[in-house]
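[1] no sequence for this one, just the structure:
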């Protein structure tokens with residue numbers, strides 16, 4: 001089997017992530033991607049990133065990562081309105 005996967009970001013990229021505490025909100029401090037995590041099964045392919053900020057490491061799904069703060073904030077607003 002040969003699989004080709006295209007990710008939004010690469011290791012070393014700076015990204016903004018959506019956090020969730022009752023509602024989604026854009027974190028104003030950027031993170032750096034340290035790992036790309038891929039899970040493939042018969043139903044889906046799930047891409048997540050391990051991100052680091054101020055010596056803390058988090059795992060976030062690819063759908064919660066953005067190239068800019070504004071893009072992240074817009075996505076959070078849309079999700080909070082039910083979109």
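    Good, I have the coordinates. Source: prediction; values computed, not measured.

[2] just the helices in the chain please.
    Secondary structure of the chain by DSSP state H: the helices cover 69-80.

[3] centroid residue for it?
    Centroid check for the chain by CA atoms, centre = their mean gives residue 65 as the closest residue, at 2.7 Å.

[4] who's it bridged to?
    Listed beta-bridge partners, residue 65: residue 17 (assigned using DSSP bridges).

[5] so who does it touch?
    Contact partners of residue 65, counting by CB atoms under 8 Å, 6 or more residues apart in numbering, are 8, 9, 15, 16, 17, 18, 33, 49, 51. The C-beta positions use only the backbone N, C-alpha and C, and glycine is treated the same way.

[6] what's the answer for residue 25, then?
    Contacts of residue 25 (CB under 8 Å, 6+ apart): 18, 19, 76.

[7] now the residue located most distally from the centre of the chain: how far from residue 42?
    Here the centre of the chain is the reference, and by CA atoms, centre = their mean the most remote residue is residue 1, at 27.3 Å. Shown here: residue 1 relative to residue 42, a distance of 12 Å by CB to CB, to the nearest Å.

[8] ok, now how distant is the closest residue to residue 52 other than its chain neighbours from residue 2?
    In space, not counting the residues next to it along the chain, residue 52 is nearest to residue 34; the distance is 5.0 Å by CB to CB, 6 or more residues apart in numbering. Between residue 34 and residue 2 the distance is 27 Å, computed by CB to CB.

[9] the more surrounded of the two?
    Applying other CB atoms under 10 Å to residue 34 and residue 2 shows that residue 34 carries more neighbours, namely 13 against 3.

[10] what sits against that one?
    11, 50, 51, 52, 57.

[11] wait, the fourth one sits on residue 29?
    No. Using CB atoms under 8 Å, residue 52 is not in contact with residue 29, being 11.4 Å away.

[12] do you have the strands of the chain handy? List them.
    Assigned by DSSP state E, the strands in the chain fall at 14-21, 23-26, 31-40, 45-53, 56-61, 65-66.
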